[in-house]
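>>> Let's see this in three dimensions:
(chains A and B)
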Amino acid sequence: MTTTVTSHRPRPAAQPDTLRAKRLPRYAAPAIALAALLVAAVVVYGAGIGGPVLVVVLGALLYLVGLFVAANAVEGRRAARNRTWSALIHSAFVLAVLPLASVAWTLISKGVERLDGDFFLTSMNNIGARDPNGGAYHAIIGTLEQVGVAALISVPLGILCAIYIVEYGRGKFAFAIRFFVDVMTGIPSIVSGLFVLAFWVLIVSPWFNDGRPSFSGFAAALALSVLMLPTVVRSTEEMLRLVPAPLREGAYALGVPKWKTILRVVLPTALPGIVTGVMLAVARAAGETAPVLLVAGGGAAINFNPFENNQSSLALFVYQQAGDASRYAPARAWAAALTLVALVLILTIAAKLLARRNRLGR
Amino acid sequence: MGETPHRSADAGTGGTRVTEGHERPTGASARVAEAPVSTRTPGGTGLGGGGALPRARAFGAERAFRGLTLAAGTVVLVIIAAIAVFLVAKAVPALRADTENFWTFEGWFPNDAEPKFGIGALAFGTVLTAALALLVAVPVALGIALYLSHYAPRRVGTTLGFLIDLLAAVPSVVFGLWGREIFLRPVHDFSIWLNKYFSWIPLFGGEGPFGKSILLGSLVLAIMVLPIITSLSREVFLQTPTANEEAALALGATRWEMLRTAVLPYGRPGIIAAVMLGLGRALGETIALAMTLGITFNISFNLIENGGNSIAANIANTFGEANETGRGALIASGLVLFAITLIVNITARVIIYRRREFTESAA
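Predicted coordinates:
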């Protein structure tokens, strides 16, 4: 128990005539708000220093002060603090919802503009600055392939790593691995992109490509798998720890070897949770722009082969279209952004629904 | 559990998965490599029950599997080391070619015949934008988290919490696009207003043009990390033991006093973890900043004039026209970013691991 409530000064000698403490009347808060807004409006327009936004901001500040003073006079300091903090917390909520709602609204309203069949079925090949059409087919292919390959690399590796940490690892070495998995969660995506650039594109790939560095979707997949690995390890690790010990002990008691227990008892039990973690990792990787920009190079044409030549991705497509001078580019950027968000959110929602049905639960 | 396929006589009490697919149930014990007592502390020696058990094999499936997992675990360490090694390997030639001081020179001309570039302004911009973003985002995020966990009606709290979780998954390029196309206008107006009345504060001075400034970049960054910090700290606040909260209320605490004495101290390690995660995201954020900052290479505390830059944004912006030395220079700057984030992360983890001893299960 960490709870301690400091003792308070006894009430002043004058006994209250009822047992209930005095409270501000119900109409006090709206009245103070109205007064604060009026004062703010008079000050702002009187001095000519701003518009309606400033009135609201100043009004909110005045409201907080007024509420504190009024409550302090009637209800006492503790109740006044309580009211002020409550108002602050509510206003934090309003403050944050405004931009987030604006993001969502703009995304949808601007995104549907170009969201037609053409957008999904054509690439940007031979689309000039004056052409209103063009689409993200090549980018969608790129995203799916890169994320798929990245998942193929990072999921088995991540699950095995988590099994080592939970089931086999002991002592300093296992602790070091856990620690560095945590640290790895914080590696910026651009650093992982630079790593693959230095390691794969500039040093390894010239061996296969007549001495010239080759950008490819596979390089992007490598960079994405560096980003996905810690997420997969952490979620798998958490799920493996939730598997009840009696399940394992039952298997051991039957003489099942440990590796088989892990593969046939522990993993299937933890599977829904692991899948959830993997889907969240995939969703995060699908939205990464920087690594793809550095090592896949982008490109306007459709390229199904992740191992050769430049590839684009949805996120990179958004970035490139946003920087494009063509007046049709912003609409394409928003449509691609909406597609990307839809893809990511479908994955995320599916993952959360799966997590909710998970028997191990939290 | 479910159905129990009785395929062997000695499998009556086990879980279904145990018996499923057991080809040779009677011979299964012959392959026990170790005799683990419990999962956390597996016994080391092969002889468990009176020496009757078979001895561990040198090259059994058990050893192979264990070796495989060990290798996978080692890969993590190898990757971290490889990141450092390869970045250094590619950065050193470029740093040798640099004709100016890498730490203090303000400018980025690595593609010239006489390469000149310095990290100072970029590192400064990175830290400044991230710090400003957290300064804005953390109080608001904690406020929302408290609102969702302790003020809002349960239904509303759960629904909005779910929506915030979804927003945390929205890719940064979308926030960048929004910041550049929509948010630029209000920030531009706000900057002009600030400059008009507060230009005596150096932060808001300058002659303009305003808009694509550090202010815009850090506000977009703040909006981006807000859902991340909120969803993590909300989860922590929800885990506060009800007994603690009710005890505080029973002692006559107001709701704020209850939050301050029961909820916040309990959630502190979780809050620190959430903030550090947000800081990591903010420091390494590339695309949102590349799209909202007006690229300059000077160290200036002016928040509202066009300008500002960060290591990651610079990499994204100048990578396209970089030559051999230019790439090396960008990799060198990435190495600095890697070092900064590594320090932040390791500090955060050390704090969390130390705190965890006191408040188990949170964080």
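>>> how about the helices in chain B?
B:16-19, B:61-97, B:120-146, B:154-168, B:172-178, B:184-198, B:214-238, B:242-250, B:255-258, B:264-284, B:287-292, B:311-318, B:324-356 (DSSP state H).
>>> what residues are up against the residue nearest to A:Ala129 when sequence neighbours are not counted?
Nearest residue to A:Ala129, sequence neighbours excluded (C-beta to C-beta, 6 or more residues apart in numbering or on different chains): A:Ser326, at 4.0 Å. Where you see a C-beta, it was placed from the backbone N, CA and C, and this is true even at glycine. Contacts for A:Ser326 (C-beta atoms under 8 Å, 6 or more residues apart in numbering or on different chains) come out as A:Gly128, A:Ala129, A:Arg130.
>>> between these, which is closest to A:Gln320?
A:Ala129 (13.1 Å; C-beta to C-beta).
>>> Give me the phi and psi for the closest one.
The phi and psi torsions at A:Ala129 (degrees, to the nearest 10) take the values phi -70, psi -20.
>>> count of residues packed around it?
10 (other C-beta atoms under 10 Å in any protein chain shown).
>>> Indicate the residue of the stretch 1-150 of chain B located nearest to chain A.
The minimum distance from the stretch 1-150 of chain B to chain A, using C-beta to the nearest C-beta, falls at B:Gly143 (2.7 Å).
>>> Around that residue, how many other residues sit close by?
Around B:Gly143 there are 22 residues (other C-beta under 10 Å).
>>> Chain neighbours aside, what residue packs nearest to it?
Using C-beta to C-beta, 6+ apart, the closest residue to B:Gly143 is A:Ala92 (2.7 Å).
>>> again, but for B:Ala133
Spatial nearest neighbour of B:Ala133, chain neighbours left out: B:Leu221 (3.7 Å); criterion: C-beta to C-beta, 6+ apart.
>>> In this structure the one you found contacts B:Ala288, no?
Yes - here B:Leu221 reaches B:Ala288: they are 6.3 Å apart, a contact under C-beta atoms under 8 Å.
>>> Is it correct that B:Leu148 is in contact with B:Gly161?
Yes - counting by C-beta under 8 Å, B:Gly161 is a contact partner of B:Leu148 at 5.1 Å.
>>> Pick out whichever of the two has more residues nearby.
Neighbour totals were compared for B:Leu148 and B:Gly161, and B:Leu148 leads with 24 against 20 (other C-beta under 10 Å).
>>> Can you pull the domain assignment for chain A?
A:28-111, A:121-357 (automatic domain parsing).
>>> where exactly do the strands run in chain A?
Read by DSSP state E, chain A holds no strands at all.
>>> mind checking how far the residue nearest to A:Leu54 when sequence neighbours are not counted is from A:Pro30?
Computed as C-beta to C-beta, 6+ apart, the closest residue to A:Leu54 that is not its neighbour in sequence is A:Val44, at 5.1 Å. Using C-beta to C-beta, to the nearest Å, A:Val44 is found at 21 Å from A:Pro30.
>>> And these two? Which one has more around it.
Between A:Val44 and A:Pro30, counting by other C-beta under 10 Å, A:Val44 is the more crowded of the two (20 against 10).
>>> can you pull the contacts of that one?
Residues counted as contacts of A:Val44 (C-beta under 8 Å, 6+ apart) are A:Gly50, A:Gly51, A:Leu54, A:Val55, A:Leu58.
>>> follow-up on the earlier one: pretty sure B:Ile144 is one of the things the residue nearest to B:Gly143 touches, is it not?
Yes - between A:Ala92 and B:Ile144 there is a contact at 5.7 Å, judged by C-beta under 8 Å.
>>> Which one of those two is surrounded by more residues?
Taking other C-beta under 10 Å, A:Ala92 and B:Ile144 do not tie; B:Ile144 has more neighbours (31 against 20).
>>> Who's the closest spatial neighbour of the closest residue to chain B within the stretch 151-300 of chain A, skipping the chain neighbours?
Chain B sits closest to A:Pro188 of the stretch 151-300 of chain A, with a gap of 2.3 Å, by C-beta to the nearest C-beta. Counting by C-beta to C-beta, 6+ apart, B:Gly284 is the residue found nearest to A:Pro188 once chain neighbours are left out, at 2.3 Å.
>>> wouldn't that neighbour be in contact with B:Val336 here?
No - using C-beta under 8 Å, B:Gly284 is not in contact with B:Val336; the gap is 12.0 Å.
>>> which residues of chain A score low on pLDDT?
A:1-19, A:359-362 (pLDDT under 70).
>>> residues touching B:Arg255, list them.
Going by C-beta under 8 Å, 6+ apart, the list of residues near B:Arg255 reads A:Asn82, A:Ser86, B:His150, B:Leu249.
>>> Now tabulate the contacts of A:Val44 in TSV and tack on neighbour count.
Listed next are these as TSV, based on neighbours: other C-beta atoms under 10 Å in any protein chain shown:
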residue	neighbour count
A:Gly50	19
A:Gly51	11
A:Leu54	17
A:Val55	20
A:Leu58	19
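>>> Quick check: the two most widely separated of the residues you listed?
Greatest spacing in those, by C-beta to C-beta: A:Gly51 and A:Leu58 (11.4 Å).
>>> what do B:Leu148 and B:Gly161 both touch?
In contact with both B:Leu148 and B:Gly161: B:Arg234, using C-beta under 8 Å, 6+ apart.
>>> Who's the closest spatial neighbour of B:Ala71, skipping the chain neighbours?
Closest residue to B:Ala71 apart from its sequence neighbours, by C-beta to C-beta, 6+ apart: A:Leu160 at 7.7 Å.
>>> My read is that the one you found contacts B:Phe65, right?
No - using C-beta under 8 Å, A:Leu160 makes no contact with B:Phe65, being 9.0 Å away.
>>> so what's A:Ala60 up against?
The contact partners of A:Ala60, by C-beta under 8 Å, 6+ apart, come to A:Ala36, A:Ser91.
>>> that older thread, for the contacts of B:Arg255, name the two members farthest from one another.
The most widely separated members of the contacts of B:Arg255, counting by C-beta to C-beta, are A:Ser86 and B:Leu249 (14.7 Å).
>>> residues from the stretch 251-363 of chain B in reach of chain A?
For the stretch 251-363 of chain B, the residues in contact with chain A (C-beta under 8 Å from any C-beta of the partner chain) are B:251-257, B:259, B:261-262, B:265-266, B:276-277, B:280, B:283-287, B:290-291, B:312, B:315-316, B:319, B:327, B:330-331, B:334, B:337-338, B:341-342, B:344-346, B:348-349, B:353.
>>> Next, the contact list for the residue nearest in space to the middle of chain A, please.
Per C-alpha atoms, centre = their mean, the C-alpha nearest to the average position across chain A is that of A:Arg284, at 7.0 Å. A:Arg284 sits next to A:Leu227, A:Met228, A:Thr231, B:Ala169 when contact means C-beta under 8 Å, 6+ apart.
>>> got a markdown table for those, with distance to A:Gly273 and neighbour count too?
Formatted as a markdown table, these follow (distance: C-beta to C-beta, whole Å; neighbours: other C-beta atoms under 10 Å in any protein chain shown):
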| residue | distance to A:Gly273 | neighbour count |
| --- | --- | --- |
| A:Leu227 | 20 | 23 |
| A:Met228 | 16 | 28 |
| A:Thr231 | 13 | 22 |
| B:Ala169 | 18 | 22 |
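>>> If we only consider those residues, which is nearest to A:Ala351?
B:Ala169 (9.3 Å).
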